[in-house]
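1. Following is a predicted model, sequence given first.
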Amino acid sequence: MTRLCFAWLRLCFGLALAIAWGAWAQTPLTVGPSTAPDFESAVASSQDVPQAIDIQRQRLKSQREVVWAAYQKQQEACWQKFAVNACLTDARRARRQAIEPLRQQELALNAQERLWRTEQRQLRLQGKQPAAKDTP
């Protein structure tokens, strides 16, 4: 009877620990102010879109460099510890969690750029088409 009770308690504790660990591991680390690109307020006309995209890309690049520098610093500190591999694994995990929001913003930026290029191509094609006639 007591073995069954201890097994049950161990199972419940293990599940609670696994749930808590999963929630903690999914918490993203933020390096700085991570806001998604807001093109409606930043772009006044269609010619400003490439400039706004370049500005956003530079901002993401600088944030990525900050994350990389922090990772290298953490990696150097890991080599001073006894459990090097575990520390390096944690450092890589932290780097991936910090890079993921930047990657998502970069994907949104790429989608915005594709949309803008498609609109520009449609405008060029409309300018090349002859005027529509009423008769077939």
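-> Now that the structure is in, tell me what you want to look at.
2. So what touches stretch 69-78?
-> Val31, Val84, Cys87, Leu88, Ala91, Arg92, Ala94, Arg95, Ala98 (C-beta atoms under 8 Å, 6 or more residues apart in numbering). Using the backbone N, CA and C atoms, a C-beta is placed for each residue, glycine as well.
3. for this structure, what's the longest helix?
-> helix 84-128 (DSSP state H).
4. So which elements touch that helix?
-> If you count contacts as 3 or more C-beta pairs under 8 Å, 6 or more residues apart in numbering; DSSP states H and E, helix 84-128 packs onto helix 49-78.
5. In the helix it packs on, which residues are buried?
-> 49, 52-53, 56-57, 59-60, 63-64, 67, 70-71, 74, 78 (16 or more other C-beta atoms under 10 Å).
6. That helix vs helix 84-128, what angle?
-> Orientation check (axes from the mean of the first three to the mean of the last three C-alpha atoms, to 10 degrees): helix 49-78 against helix 84-128 gives 170 degrees.
7. Could you shift the numbering so residue one becomes 4, and keep it that way?
-> I'll keep to 4 as the first residue from here, and by that count the last item is helix 52-81.
8. for helix 52-81, what is the average pLDDT?
-> Rounded to a whole number, the mean pLDDT of helix 52-81 is 94.
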